[in-house]
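K.L.:
With the sequence up front, the predicted model follows.
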Amino acid sequence: MTMSDEAIELTVNGVLHRVQAAPDMTLLSFLRDTLGLTGPKNGCGEGHCGTCTVIVNGKAQRSCLLRLNRLRGAQVETIEGLSTPSTLHALQYAFLEQGAVQCGFCTPGMIMAAKALLDSDPDPDDAAIRVALAHNLCRCTGYVKIVAAVRRAAELIRHGQAQVPRERAEALVAGGVGKSAARLDGIERVTGALRYTADLNRPGQLYGRVLRSRYPHAEVLSIDTSEARRAPGVVAVFTASDVPGRKHFGELIADQPVLAVDRVRYVGDAVAVVYAETEAQAAAALDLIRVEYRELPVVDGPEAALAPGAPKVHEKGNLLKDVHIRKGDVAAGFAEADIIVEGTYRTPFIEHAYMEPEACLAEPDGEGGVVVYEGSQGPWPIHEQIVASLALPPEKVRVVHMPVGGAFGGKEDVTLQILAALGAWRLGRPVKMVMGRRESIRVSTKRHAETVHFRTGAKRDGRLTAMEVTIHADTGAYASLGPSVIFRSASFACGPYEVPNVKVDAYLAYTNNVPCGAMRGFGNPQVTFACELQMDELARRLGMDPFALRELNALRPGSVTATGEVLTASVGALPTLQAVRAALARVELPAPRPGKRIGVGVAASFKNVGLGGGLKDEAEARLQLQADGTLLVRTGCSDLGGGAETAMAQLASEVTGVPLRAVRVHTGDTRLDPRGGMTTASRETFITGNAVVAAARAWRERVLEEAAEALGPDAPVDGVGQPGPALDLREGRIVAVADGRELLSLRELAARLAEQGRTVEAHGRYAADSTRAYKDVPAGPYDPAEHRLHVAYCFGTQAAVVEVDEATGQVDVLRVIAAHDAGTIINPQAVEGQIEGGVMMGLGYALSEAFVMREGQIVTDTLRKLGVPTIERLPEITAIPVEDPHPEGPLGAKGMGELPA
């Protein structure tokens, strides 16, 4: 407390608090750090995201903007005050029922903003809901189900159900494959009880802060940390020499420094890290570190990077990877064409803008190792990189996966994990590190900016004859996932169409821009944009209906892709095109307003499921009967908000016969759970799902064997005296097949086995080992198995109805119809949510978003500047899940979460 601290009283959730308020203390800081109310989140600290929204004196307020000393006598409500041990507020229940919860990081703020609305207007229309939630961003849901949830809550409240029994909410978690079950952890998410990494604290923890480079490209001549080390509260300041093991990290290529060694290559490079008793002390010490730089020329784009004599970003040169796809004879294909269209298309960098900024907490384990709590897309790859940099045996590093507040590809890479682990291990104390939003934007990877030159030939009837594509992509200062991204851009450049003659050349260059890595679509959105504009131009030149042109050339069973793969099943290109065409035909287009025109557009695409290309792509699952008769499913799958854990539980429930409410999922602890790889490439449903199904089948068989043994002479037998076929497992009960009599519950079976020191366990593993690395397509006959690039593909078609201002060019999207092929649909509501969220992300990409850099410096350093779409831009979205089961998928399912964007 200082002399300027002021004593005030305020009431939070009905409890009076008297507090000494420092002049700079915000309400958000008081709620989180003093009262431990972590439901309000710090998504930006600047009032741009709304994750911190609470109600103050009856009005929704962004608590990060409110100074505590100005709230004397205030009445404050947070998400924690809405529920009781036995009930949920109608809004909390409605968010679960309507599927308005994905990653959940924005959910408490959304609910509080909605409550303030309903407290003043018990029957709002959609326009009022949008106005009330205009300051609350959501990157996952696309807002559709949020609006529906607020409407539903208003209805419940008007009918006297402002509080809903928890049992009713718990009953929403029900159903196997094909049912819209609510999320397993949904109640925790809507009540603010779920802890994300930044919500964790440990006694005696230190706070870490990173000094970032001032320059996009410079030599580091010297680093003087002496003054910073003497600063109040500072325990240590580390530079590159303090990293005991590998000095660089990277999932594919270890080329990014943990701490700068002798050069910085972009403005987010870590130069030094401070560990101090408080976050403020750590931040203050950064200003005391003296770094002497010698500036170097900045390489600010791939064309400049690949020009002769360009300054080198890395000593090995600026070309990180080139990819060349060949099929048929392109020259002959163009000679055969009756029409040729050509164009150059540019797409910008894009920030993922997940609502949860990066955070990490690491602590010594007391045995010479370290435990790291973090929310990434894959704890095992993160574990491997920490092990390498700390030079520790693998068993000395444990990574514990925390709930993730959105990722979209941006949390595949290491950010804070190595530095937090290093501090905890070296200093013997817990270390907490949390990025602010501006630092997150400065450091995190982006979607690659690409320039795509496209040339397409076709016959008069619309049949495609050739495509020639040249791609230049900017991977920024370090490789990240760039080599894989550029391969996807090249291999999917021709879209979901059968093209007999293909030539694609793709070049990925290092620059001094922010590193680019995985982002939803993974190299596909850039080339889809170019390809679909080519198809539209062809349709115009030929006088063809855009749907007809696409349907004529669409991939179908028996088609050969641009990479030579012969598709055999679950090819949803044509079904999704037909579904959108039919839905659009039922839409009555609005009359154009003065000075406006109404337009309709269509686009189609496809995307790989799984890593493919001959890469190791596998997952494991373990199932175990618990003492209370429930089923524990352990996987290595990271749920980023899309509902992967619930999908795994539904698969397990469907196969085993255990009701969903009795299935628990634990995932992502490198000491306790099996490996699962990264949540990327739309792979979890297919890869981890197959592992879960394999384990579930084995577990069910063993349960029935154990039940038969436990029942002894009382076990029914079939005609040949075998007990197995005469028993079944239904809704968690062992029953007789003949008449459905319950013979034994799982709880009773667990108790009998426990008396013998046993339980029922099963292990499942799935490896997608049938794919092959790309090779040019031979001119003559060839073995299709040698050109199987991926185990599966997902397909999608979307149409948009827009209003365009003829004078300004302003585009307002009125309606989007989106049909997506997901194989067998595990959870229809979750699939709809993925489609709706992807549509809004795609609209941002098309109309409002761009991450802008100039000469290596960041221009768009806030969420507002980035142009992330708000609920006010929400069009009417019709999501059409298309079922086309895949014969190798888990019960026919496959992933589809990336394609809608």
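P.N.:
Sure thing, it's come through. Nothing here was measured: the structure is a model prediction, and the numbers come from that model.
K.L.:
give the contact list for Arg437.
P.N.:
Residues near Arg437 by Cβ atoms under 8 Å, 6 or more residues apart in numbering: Gly43, Cys44, Gly45, Glu46, His48, Cys49, Pro357, Thr862, Leu863. Every residue, glycine included, has its C-beta placed from N, CA and C.
K.L.:
out of everything not next to it in sequence, what's closest to the last one?
P.N.:
It stands for Leu863. Nearest residue to Leu863 in three dimensions, chain neighbours excluded: His48, at 4.2 Å (Cβ to Cβ, 6 or more residues apart in numbering).
K.L.:
coming back round to it: pick out whichever of the contacts of Arg437 sits closest to Leu660.
P.N.:
Gly43 (31.2 Å; Cβ to Cβ).
K.L.:
Please tell me how far the closest one sits from Ala850.
P.N.:
Look at Gly43 and Ala850: by Cβ to Cβ, to the nearest Å, they are 20 Å apart.
K.L.:
Could you check which of the two has the larger neighbour count?
P.N.:
Ranked by neighbour count (other Cβ atoms under 10 Å), Gly43 and Ala850 place Gly43 first, with 30 against 17.
K.L.:
any idea which helix or strand carries the nearest residue in space to Leu552 that is not next to it in sequence?
P.N.:
Spatially, and ignoring its direct neighbours in sequence, Leu552 is nearest to Gly462 (5.0 Å; Cβ to Cβ, 6+ apart). Gly462 belongs to no helix or strand when assigned by DSSP states H and E.
K.L.:
Quick one: residues contacting Gly462.
P.N.:
Here Gly462 is in contact with Leu538, Ala539, Leu542, Met544, Ala548, Leu549, Leu552, Asn553 (Cβ under 8 Å, 6+ apart).
K.L.:
Quickly list the domain ranges of this protein.
P.N.:
Per the record, the chain has its domains at 1-178+186-193, 618-767, by automatic domain parsing.
K.L.:
Tabulate those in JSON lines, adding columns for mean pLDDT and distance to Thr563.
P.N.:
Formatted as JSON lines, these follow (pLDDT from 0 to 100; distance: least, Cβ to Cβ, whole Å):
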{"stretch": "domain 1-178+186-193", "mean pLDDT": "97", "distance to Thr563": "31"}
{"stretch": "domain 618-767", "mean pLDDT": "93", "distance to Thr563": "16"}
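K.L.:
so the residue nearest to Leu863 sits in a helix?
P.N.:
No - if the criterion is DSSP: H, G, I helix; E, B strand; the rest coil, then His48 is coil and not within a helix.
K.L.:
what's the burial count for it?
P.N.:
His48 has 19 nearby residues by other Cβ under 10 Å.
K.L.:
Would you agree it is in contact with Ala134?
P.N.:
No - using Cβ atoms under 8 Å, His48 is not in contact with Ala134, being 11.7 Å away.
K.L.:
how about the strands in the stretch 801-901 of the chain?
P.N.:
Assigned by DSSP state E, counting those that start in this stretch, the strands in the stretch 801-901 of the chain fall at 811-821, 853-854, 857-858, 876-882.
K.L.:
circling back: quick one: closest of the domains of the chain to Val258.
P.N.:
Closest among these, using Cβ to Cβ: domain 618-767, at 19.7 Å.
K.L.:
ok so Met507 is a helix residue?
P.N.:
Wrong residue type there; residue 507 is Tyr, not Met. No - with three-state DSSP as the criterion, Tyr507 is strand rather than part of a helix.
K.L.:
what number of residues lie near the nearest residue to Arg671 once chain neighbours are set aside?
P.N.:
Leaving aside its chain neighbours, Arg671 sits nearest to Arg398 (4.7 Å; criterion: Cβ to Cβ, 6+ apart). Look at Arg398: counted by other Cβ under 10 Å, it has 20 neighbours.
K.L.:
And Ser241, by the same measure?
P.N.:
10.
K.L.:
Does it belong to a helix, a strand or coil?
P.N.:
Recorded secondary structure, Ser241: helix (three-state DSSP).
K.L.:
Check what pLDDT it gets.
P.N.:
Listed pLDDT for Ser241 reads 98.
K.L.:
ok, back up a step: closest one to Val801 among the domains of the chain?
P.N.:
Taking the domains of the chain one by one with Cβ to Cβ, domain 1-178+186-193 is closest: 16.0 Å.
K.L.:
What distance do you get for Glu384 to Leu392?
P.N.:
According to Cβ to Cβ, Glu384 and Leu392 sit 11 Å apart.
K.L.:
Would you map the helices across the stretch 451-600 of the chain?
P.N.:
482-491, 524-542, 546-553, 573-585 (DSSP state H, counting those that start in this stretch).
K.L.:
Run through the bridge partners of the residue nearest to Arg671.
P.N.:
Beta bridges link Arg398 to Val371, judged by DSSP bridges.
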